[in-house]
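Q: model this:
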Amino acid sequence: MTLALLLALVQAAPALPTDSIDGLPLSTLPRQELPARGCAAYLFSTGQVRGLAAVATADPATLRIALDGSVRDLPRAAAAGTVALGLNAESIYRASEVTATVQLTIEPRPNLNNGAAVPSATLRLDRPGQDTLVVPLAGLVGCAPAAARPR
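A: Now for the predicted structure:
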């Protein structure tokens with residue numbers, strides 16, 4: 001009886017995408033190009049599964065994630081903190097039922113052209129009626145060649 005109940009619960013649970021990040025409803029993104037203008041932060045998961053988890057672009061201000069098996073672009077709703085390469089230290093992105101908050105630290109490095117390092121970042125996903133997810137990230141900022149030049 002107990003085994004039958006456990007099997008029924010496993011079958012009733014929604015299937016996670018095969019490229020799920022650490023068993024979460026967040027999946028890895030396919031390869032992304034540099035932005036045509038401005039800069040973008042390419043943020044990778046730092047847990048057991050390492051993959052491209054999010055891309056935050058400065059122009060237009062959006063966040064790309066793969067949630068529940070589909071790629072979504074969320075527009076930025078608010079931003080705060082220091083701005084580096086067009087990206088804020090904290091940005092809130094929102095679309096219908098998903099609110100995503102990205103906090104990141106951007107560090108210029110002499111060995112990086114047209115970009116910078118992101119040694120630490122977090123992605124927080126809030127959806128009504130579901131658990132809040134907080135995912136540690138790290139990555140790089142890449143810029144269109146004209147965007148990173150001092151003016």
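Q: For residue 123, which residues are in contact?
A: 26, 43, 53-54, 65, 100-102, 133-135, 137 (CB atoms under 8 Å, 6 or more residues apart in numbering). C-beta here means a position set from N, CA and C on the backbone, and glycine is covered the same way.
Q: What of residue 62?
A: Applying CB under 8 Å, 6+ apart to residue 62 gives the contacts 56, 73-76, 93.
Q: Need the buried ones from those residues selected in PyMOL.
A: Buried subset of the contacts of residue 62, written as a PyMOL selection, criterion 16 or more other CB atoms under 10 Å:
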select buried, resi 56+74+76+93
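Q: What is the nearest of the contacts of residue 62 to residue 30?
A: residue 73 (13.7 Å; CB to CB).
Q: thought the closest one was touching residue 67?
A: No: using CB atoms under 8 Å, residue 73 is not in contact with residue 67; the gap is 11.1 Å.
Q: and the helix or strand where residue 117 lies, which strands flank it?
A: If you go by DSSP states H and E, residue 117 is part of strand 115-126. Applying DSSP bridges to the sheet, strand 115-126 is found paired with strand 98-107 (antiparallel), strand 133-143 (antiparallel).
Q: chain center to that strand: distance?
A: Between the centre of strand 115-126 and the centre of its chain there are 7 Å (CA atoms, centre = their mean, to the nearest Å).
Q: Give the rounded mean pLDDT of that strand.
A: Averaging pLDDT along strand 115-126 yields 97.
Q: With stretch 67-87 instead?
A: Here the average pLDDT along stretch 67-87 is 95.
Q: And for stretch 101-111?
A: The model assigns stretch 101-111 a mean pLDDT of 95.
Q: For that stretch, list the C-alpha coordinates in PDB.
A: These are the backbone C-alpha positions of stretch 101-111, laid out as PDB (Å, rounded to 0.1, in the frame of the first residue of the first chain):
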ATOM      1  CA  THR A 101      15.400  39.800  -8.600                       C
ATOM      2  CA  VAL A 102      19.000  39.800  -9.700                       C
ATOM      3  CA  GLN A 103      21.800  41.100  -7.400                       C
ATOM      4  CA  LEU A 104      25.300  41.100  -8.800                       C
ATOM      5  CA  THR A 105      28.800  42.400  -8.200                       C
ATOM      6  CA  ILE A 106      30.600  43.700 -11.300                       C
ATOM      7  CA  GLU A 107      34.400  43.900 -11.200                       C
ATOM      8  CA  PRO A 108      36.500  45.300 -14.100                       C
ATOM      9  CA  ARG A 109      39.500  43.200 -14.800                       C
ATOM     10  CA  PRO A 110      42.500  44.300 -16.900                       C
ATOM     11  CA  ASN A 111      42.500  41.100 -18.800                       C
END
